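1. test case, fold it:
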Amino acid sequence: MKRFAALYSRLDDTRGTSAKVEAMRAYFAEAPAADAAWGLYFLTGQRLKRLIAPTQLRAWISDATGLAPGIVEECYAHVGDLAETLALLLDRAERPQPMIERGLADWVAWLLALRERDLDAQRAALLDVWARLPLDECFLFNKLLTGALRVGVSSGLAARALALHAGLDETLIAQRLMGEWLRVASTARSSRERPAMDGDSLACHRNSAADAFAALLAPGSAEAHPSQPYPFCLASPIEDAPDAVWDAGLPSGLGPVEAWLAEWKWDGIRGQLIRRAGQTFLWSRGEEMLNGRFPEIEAVAARLPDGTVLDGEILAHDGTAVLTFAKLQTRIGRKTVGKKLLAEAPVAFVAYDLIEWQGEDWRSRPLAERRAQLEAIVTETAAARLKLSEPVIADRWDALAASRAEARERGVEGLMLKSLDSGYQTGRKRGAWWKWKLAAMTIDCVLVYAQAGHGRRANLYTDYTLGVWEGPNPGEGLLLPVAKAYSGLTDAELNKMDHWIKQHTREKFGPVRSVAANAEVGQVFEIAFEGIQASTRHKAGIALRFPRIARWRTDKPTREANTLADLKAFLKR
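-> A predicted model of the protein is given here:
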């Protein structure tokens, strides 16, 4: 635990990419295999499920410290991070009995076992641990406990560090890290008698994690589990006309349009559909297994030959046409689907690439070859819920640009451009795939609420709720909240806004502050968003897709911000 706590602190304090990679490489070299496995698990963005409700934890801290619940709430509102709040409130110069050093894997086992206990036993066990852990380890422990551990590195950097440690190709490591490579994470259990793993159970837990780490480091091409997906190939954004793009550092553009496959950029759930060993697996790009959530797609996959992996998009689809994203949203998050929802929001898998065929990895083959075989597979399967992503045909770039201009009316985000001689690469390699999206829609909103951020921003008000005027004209009626935005401002701007928010707070609602906002006083921000839809869940009747701050409109008074009618005009279009 000490090693990972030190690594966590070092990564949080380090800006340089090379330094972060070296810190992780050193951790993998020094840590026991089981600890290194769990460290890698967390470094790649995975987390344990939250064990105990935050309100319960705050109540127990109130008991442990003797502080009134209201004071604990105020501390939490000020710090902005529950794990850090707990650690700070419990910190003390002397501890009754320092905790015997446990490795990270043993602490994970302890937490998994704690899940099985009743509340009284959980409380007693946590109070004992909190009293004996030093501050840095207590903070990390609380992060694991609350399921809020986020490390300031990407999974790609973690894979690079592991590849350096193992002396293996980074692409191979990225492939091995896909899917449930550490299956002990979801299967580890222990006795209900005590909140710790001992004897055979603990040894099994350690050995399983150590074996998983050893498999990652094994030379050669170790056999993968049938469920394992491939790393996704990602596209680079393109803003200008394709013939103006610099390709591989040269101002040569993209060349003739005939060398590229153009497709609509669908607004759905990116996924891989896998058929291996007589089983079907459906993975999202976020590496979440979606089995059971889209049974109509799994039924189609059962008709595919073993050794087939398709890349594509899960879309709301009635069999003849793509439906709105709002329809698909009714299926997202549902682990089981009833007959009514299946009828109201049917889905299809729109395939646009073939990654594996007849058990062979096809990623190194050119897209033109993969595409031809994919067309044959979809045609032979002849299933209403398996569609081929049709190409957008054009003989000139300007003609393709004209087709792109129709994207919003078609309910898509723009175009995808893929080089016909490109392989299916790991991650985002500039030059092979491009996403040529439409410009975002924008609207001017007024800040109405603010909340403190997390991590480095825990002491700054950085999370904003923004509204538009309810009246028919700007500056008239109430300000109705329509969006929440967390990004888009520089550090200097955030500091200025934080000062303004504290000076203009009207009311406090726990960690949230309402601020002065009327026709004469307030702050205006230009908000960019990708889509808009009607929503009965929001007072304004509108929901924006992917809102973010485009710029701080210090030049614009609040009375000139946009109205709800302006947003409804977007909705009509």
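
2. who does the helix or strand residue 314 falls within touch, helix- and strand-wise?
-> Using DSSP states H and E, residue 314 sits in strand 308-316. Contacts defined by 3 or more CB pairs under 8 Å, 6 or more residues apart in numbering; DSSP states H and E place strand 308-316 against strand 269-276, helix 325-329, strand 347-357, helix 367-381. Where C-beta positions appear, they are placed from N, C-alpha and C, glycine not excepted.

3. and the gap between residue 127 and residue 416?
-> Separation of residue 127 from residue 416 (CB to CB, to the nearest Å): 54 Å.

4. more crowded one of the two?
-> Between residue 127 and residue 416, residue 416 has the larger neighbour count (other CB atoms under 10 Å), namely 22 against 15.

5. give me phi/psi at the more buried one?
-> Taking degrees, to the nearest 10, you get phi -110, psi 140 for the backbone angles of residue 416.

6. surely it is in contact with residue 263?
-> Yes. Applying CB atoms under 8 Å as the test, residue 416 and residue 263 come out as touching, 4.7 Å apart.

7. give me the below-cutoff pLDDT ranges for the stretch 51-200 of the chain.
-> Residue ranges of the stretch 51-200 of the chain with pLDDT under 70: 93-96, 183-200.

8. do a quick rundown of the helices in it.
-> Secondary structure of the stretch 51-200 of the chain (DSSP state H, counting those that start in this stretch): helices located at 54-65, 69-79, 82-90, 104-114, 119-132, 135-146, 155-166, 170-176, 184-187, 199-217.

9. so what's the residue count around the closest residue to residue 302 other than its chain neighbours?
-> In space, and not counting its chain neighbours, residue 302 is closest to residue 280: 6.1 Å by CB to CB, 6 or more residues apart in numbering. Other residues lying near residue 280 total 18 when counted by other CB under 10 Å.

10. quick one: secondary structure of residue 280?
-> Classification of residue 280 using DSSP: H, G, I helix; E, B strand; the rest coil returns strand.

11. ok, now residue 466?
-> Secondary structure assignment for residue 466 (three-state DSSP): strand.

12. ok, what's across the strand from it?
-> Judged by DSSP bridges, the bridge partners of residue 466 are residue 447, residue 483.

13. what distance do you get for the residue lying closest to residue 216 once chain neighbours are set aside to residue 215?
-> Sequence neighbours aside, residue 176 is the residue nearest to residue 216 in space, at 5.2 Å (criterion: CB to CB, 6+ apart). Distance, residue 176 to residue 215, using CB to CB: 7 Å.

14. next: residue 325.
-> Per CB to CB, residue 325 is found 38 Å from residue 215.

15. looking at these two, which has the bigger crowd around it?
-> It is residue 325, of residue 325 and residue 215, that has more neighbours when counted by other CB under 10 Å, with 20 against 16.

16. pLDDT score for the more buried one?
-> The model reports residue 325 with a pLDDT of 83.

17. hmm, it is touching residue 530, no?
-> No. Using CB under 8 Å, residue 325 is not in contact with residue 530, being 9.9 Å away.

18. tell me the mean pLDDT for stretch 432-446?
-> 91.

19. kindly export it (C-alpha atoms) in PDB.
-> Output of stretch 432-446 as PDB, limited to C-alpha atoms (Å, rounded to 0.1, in the frame of the first residue of the first chain):
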ATOM      1  CA  ALA A 432      -5.400   6.900 -41.200                       C
ATOM      2  CA  TRP A 433      -8.900   7.800 -39.800                       C
ATOM      3  CA  TRP A 434     -10.400  11.200 -39.500                       C
ATOM      4  CA  LYS A 435     -13.700  12.400 -38.000                       C
ATOM      5  CA  TRP A 436     -15.000  15.400 -40.000                       C
ATOM      6  CA  LYS A 437     -17.700  16.600 -37.600                       C
ATOM      7  CA  LEU A 438     -20.100  19.500 -38.100                       C
ATOM      8  CA  ALA A 439     -19.300  22.700 -36.100                       C
ATOM      9  CA  ALA A 440     -20.900  22.600 -32.700                       C
ATOM     10  CA  MET A 441     -24.000  24.600 -32.000                       C
ATOM     11  CA  THR A 442     -23.600  27.500 -29.600                       C
ATOM     12  CA  ILE A 443     -25.700  29.600 -27.300                       C
ATOM     13  CA  ASP A 444     -25.000  32.300 -24.700                       C
ATOM     14  CA  CYS A 445     -26.000  31.400 -21.100                       C
ATOM     15  CA  VAL A 446     -25.900  33.000 -17.700                       C
END
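
20. surely residue 519 is in contact with residue 475?
-> Yes. Shown here, residue 519 and residue 475 form a contact pair, counting by CB under 8 Å, at 4.2 Å.

21. give the residues shared as contacts by these two.
-> Here residue 519 and residue 475 share the contacting residues 558-559, scored by CB atoms under 8 Å, 6 or more residues apart in numbering.

22. with that, I have no additional questions.
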